[in-house]
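In: got a predicted structure plus its sequence, pasted below:
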Amino acid sequence: MLNSYSSADKVLLAVDCIIFGFDHQGLKILLIKRDFEPERGKWSLIGGFLKRDEILDNAAIRILSTYTGLQDIYMEQLHAYSEIDRDPVDRTISVSYYALINIENHNTELIKNYHAEWFSVVDAPNLIFDHNEMVKHAIKRLRYRTSIKPIGFELLPEKFTMRQLLELYEAILSKELDKRNFISKINSLEILNKLDEKDMQSSRKGSYLYTFNKEKYEEKLLNDFVLNL
């Protein structure tokens with residue numbers, strides 16, 4: 001019967017988070033070394049199980065906050081993974097999220113306590129289960145979003161140079177961009193506030209610092225436009 005809940009199969013629902021960060025060395029991903037079986041001692045995405053009293057987004061927020069100490073993180077639901085044998089312990093469906101955080105802002109003590117480490121996305125270790133596939137999907141989605149929408153500012157410090165912004169986009173898209181064309185397109189969006197301050201470490205003359213205009217930034221995210229980087 002359609003309304004017979006008691007006879008229906010019960011499965012576990014997991015939430016796995018692909019957490020991206022950025023520093024001067026490039027795009028990073030936060031991984032955790034498992035301290036329980038199966039696959040004890042191997043590298044994994046950060047995740048957990050959905051509780052009875054929460055929706056998927058809240059589960060992802062809880063997991064991200066637990067491991068990074070951060071709130072109000074940019075995240076996006078990515079994909080559902082339901083291969084029957086994806087988890088050797090029990091029938092488990094996983095919903096993945098990718099998140100963008102500023103490496104400088106996360107709680108380093110929490111990271112250490114959970115045996116988590118940042119890795120370059122280029123040199124990341126092999127992961128358990130289907131987590132490698134999740135990372136590939138997340139990078140593909142992030143590159144697509146970045147190429148058409150002004151996202152990724154969450155990965156930068158509050159004040160940044162245009163060079164830092166360019167390097168971020170090049171790291172995400174994994175290609176070199178024309179500097180003049182990039183600056184022209186970013187300026188045309190009118191989402192940056194140019195400050196009177198300069199970063200004097202970048203050159204003798206220094207480079208102007210910018211912040212992003214959150215109000216205009218969020219407006220651009222909602223509007224139907226294409227950045228075409």
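Out: The structure has been received and is ready for your questions. Numbering: from 1, shown residues only.
In: C-alpha only now, for contacts and for neighbours.
Out: Will do.
In: now the strands: where do they sit in the chain?
Out: Secondary structure of the chain, counting by DSSP state E: strands at 12-23, 26-33, 43-44, 46-49, 74-81, 92-100, 116-120, 160-161, 192-199, 207-212.
In: tell me the spacing between the residue nearest the centre of the chain and S203.
Out: A centroid search over the chain (C-alpha atoms, centre = their mean) returns A99, at 2.8 Å, as the residue closest to the centre. Distance from A99 to S203, counting by C-alpha to C-alpha, to the nearest Å: 32 Å.
In: next one: A80
Out: Taking C-alpha to C-alpha, one finds A80 at 47 Å from S203.
In: which of these two has more neighbours?
Out: It is A80, of A80 and S203, that has more neighbours when counted by other C-alpha atoms under 10 Å, with 16 against 9.
In: residues near the residue lying closest to that one once chain neighbours are set aside, how many?
Out: Once its chain neighbours are removed from consideration, A80 has its nearest residue in V95; the separation is 4.4 Å (C-alpha to C-alpha, 6 or more residues apart in numbering). V95: 22 surrounding residues under other C-alpha under 10 Å.
In: low-scoring stretches of this protein, by residue?
Out: Where the chain drops to pLDDT under 70, the residues are 1-2, 224-226.
In: quick one: the helices in it?
Out: Across the chain, reading from the start of the chain, the helices by DSSP state H fall at 56-68, 108-113, 131-148, 162-173, 179-189, 214-222.
In: just checking, what packs against the shortest one?
Out: What that stands for is helix 108-113. Helices and strands in packing contact with helix 108-113 are listed as helix 56-68; criterion 3 or more C-alpha pairs under 8 Å, 6 or more residues apart in numbering; DSSP states H and E.
In: many thanks, have a good one.
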